[in-house]
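[1] Build me a model:
(one chain, ligands or ions: 2)
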Amino acid sequence: QDGTGPVRTGPDGAVREAVAKGFEAVYGTTPQVVWQAPGRVNVIGEHTDYNDGFMLPIALPHATRLAAALREDGVLRLHSAQSPDGSGITELSLSDLVPGSVPGWAGYPAGVVWALRDAGHAVPGADLYFDSDVPVGAGLSSSAALECAVAAAYNDLCGLGLTPTRLALLSQHAENVFVGVPCGILDQLASSCCAEGAALFVDVRSIDPAEGRTRQVPLDLAGAGLVLLVIDTQVKHAHADGAYAERRRGCEKAAAILGLPALRDLALADLDAALDRLPDDGLRALVRHVVTEDARVEQVTALLDAGELRAIGPLLTEGHASMRDDYRISCTETDLAVDTAVAAGALGARMTGGGFGGSIIALVEKADAEAVAAAVADAFAAQGWTAPRAFTAVPSAGARRLA
Ligand code: ADP
Ligand code: MG
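    Ligands and ions are numbered 1, 2, ... in the order given. Down below sits the predicted model:
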């Protein structure tokens, strides 16, 4: 590795050295620290975060690595080995950072520095060098990985003493306000707070782990002889942003009609009665997805607590049907991938992430993993579509410093 291409996973020391070399090649000095923040897949709990509900992500081994050194002159310099603008350095003045002022990828890291300062932390400028192997725009949260790496490195370099939960909130604030993407808290919490060998049960109403609701749920897939496959369809349909905003508004409208602070406040037992009080089938379908999805997150979590890993399979597949038929955020490609995986022997499968493409997950017996991935690849080839990319999702650690 020469520090100019993406740094693959390896022993911490080797990755740290490769990223530090990349920093030196760009800035001509040595970094003070190297941090990494991972991408994520959500096991279950889609479009529940902005309804104050539940979700269950794991962090991936794929991560955005960041080599960083503070500067004293009020300048922020950014370089990414994956930057679409090639080898260039984006140079910004801290005093000029205002929401919407930084176009393109640099807005994500610059937004975090802005969010820290906006929250009253008088952090200085820095030289930041990024190198990531999180697939970009694949529904695996490369944007949160970018943000959370910056938040964690600044927290360390400036001795801010902020918790991973607080760093996730600042990162979300950066994406919402500085970049202008109205995302929920799922991605940033996963990237900041996940632990190795566990899924993170999140209750959006109570994300501080000290309150005991949001917690690590042990998930030893390998020990159970299972594999969680991620299959990236490499498809991203363009109308995703508008559709997200529209569904979000629909959920808020339904909650208001029902007299609830959020759809999370509607119990599964009261769902049918509530649906009768809604004016149209569109709103009914949104509410049905959100309420049943929250219930599925709780059911999956209870099964994992009980060590019944295989039993979550049907709930994953049910979750996909709910996204396809009620929330209407799947697409031909993700539907085919899910159906093919299940037909080829997966215990369960579903689209993961915001929708309209991106990746699916499939829970499979270790012995079936290759056959399931091959079946999906064959089905895509038969349609003449771009080959999907499959890999194994090992529940990995959230943002951490590479020693
Ligand atoms: P996702 O988070 O699912 O990957 P998003 O659309 O939310 O998809 O974020 C993708 C955007 O994040 C990219 O278009 C790019 O601007 C930015 N990005 C993510 N990772 C990197 C990286 N390593 N280098 C440069 N930009 C990145
Ligand atoms: Mg994102």
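[2] And the residue of the stretch 301-403 of the chain that's closest to ligand 1?
    G353 (6.3 Å; Cβ to the nearest ligand atom). Where C-beta positions appear, they are placed from N, C-alpha and C, glycine not excepted.
[3] Quickly find the element holding the residue nearest to that residue when sequence neighbours are not counted.
    Nearest residue to G353 in three dimensions, chain neighbours excluded: G139, at 2.7 Å (Cβ to Cβ, 6 or more residues apart in numbering). Counting by DSSP states H and E, no helix or strand carries G139.
[4] Pretty sure G139 sits against F356.
    No: using Cβ atoms under 8 Å as the test, G139 is too far from F356 to be in contact (9.2 Å).
[5] Could you check which of the two is surrounded by more residues?
    Neighbour tally, G139 and F356, criterion other Cβ atoms under 10 Å: the higher count belongs to G139, 28 against 22.
[6] Roughly how far does the more buried one sit from ligand 1?
    5 Å (Cβ to the nearest ligand atom, to the nearest Å).
[7] Report the contact partners of that residue.
    Shown in contact with G139 (Cβ atoms under 8 Å, 6 or more residues apart in numbering): 232, 351-354, 357-359.
[8] list the buried ones in stretch 38-52?
    By 16 or more other Cβ atoms under 10 Å, the buried positions in stretch 38-52 come out as 38-52.
[9] From the chain's centroid, how far away is that stretch?
    7 Å (Cα atoms, centre = their mean, to the nearest Å).
[10] Tell me where the stretch 151-300 of the chain has strands.
    Secondary structure of the stretch 151-300 of the chain, counting by DSSP state E, counting those that start in this stretch: strands at 198-203, 215-218, 226-236.
[11] could I get those as a markdown table with mean neighbour count?
    Formatted as a markdown table, the strands of the stretch 151-300 of the chain follow (neighbours: other Cβ atoms under 10 Å):
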| stretch | mean neighbour count |
| --- | --- |
| strand 198-203 | 24 |
| strand 215-218 | 16 |
| strand 226-236 | 21 |
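[12] okay if I get the ones you listed as JSON lines plus distance to G104?
    What follows is the strands of the stretch 151-300 of the chain, written out as JSON lines (distance: least, Cβ to Cβ, whole Å):
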{"stretch": "strand 198-203", "distance to G104": "30"}
{"stretch": "strand 215-218", "distance to G104": "35"}
{"stretch": "strand 226-236", "distance to G104": "17"}
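[13] closest one to ligand 1 among these?
    Using Cβ to the nearest ligand atom, the strands of the stretch 151-300 of the chain put strand 226-236 closest to ligand 1, at 8.3 Å.
[14] Could you tell me the angle between that closest one and strand 198-203?
    70 degrees (axes from the mean of the first three to the mean of the last three Cα atoms, to 10 degrees).
[15] Indicate each strand paired with strand 226-236 and its parallel or antiparallel sense.
    Using DSSP bridges, strand 226-236 pairs in its sheet with strand 357-365 (antiparallel), strand 389-392 (antiparallel).
[16] And the helices in the stretch 251-400 of the chain, which stretches?
    Along the stretch 251-400 of the chain, counting by DSSP state H, counting those that start in this stretch, helices occupy 271-276, 281-305, 313-325, 332-343, 369-383.
[17] Show me which residues of the first one are buried.
    Yep, that's helix 271-276 we're talking about. Buried residues in helix 271-276, counted by 16+ other Cβ under 10 Å: 271, 274-275.
[18] residues in contact with that helix?
    Applying Cβ under 8 Å, 6+ apart, the set of residues contacting helix 271-276 is 258, 266, 284, 287-288, 291-292.
[19] now do the third one
    Here helix 313-325 makes contact (Cβ under 8 Å, 6+ apart) with 43-44, 46-47, 285, 288-289, 292-293, 296, 299-300, 303, 329-330, 334-335, 338, 342, 346-351, 355, 360-361, 363.
[20] just stretch 257-265 next, same as before
    Here stretch 257-265 has contacts from 48, 51-54, 204-205, 251, 254-255, 266, 274, 277-279, 283, 287, 290-291, 294, using Cβ under 8 Å, 6+ apart.
[21] Write out the residues of this protein neighbouring ligand 1.
    By Cβ under 6 Å from any ligand atom, the residues of the chain that approach ligand 1 are 64, 80, 82-83, 105, 108, 130, 132, 136-143, 146.
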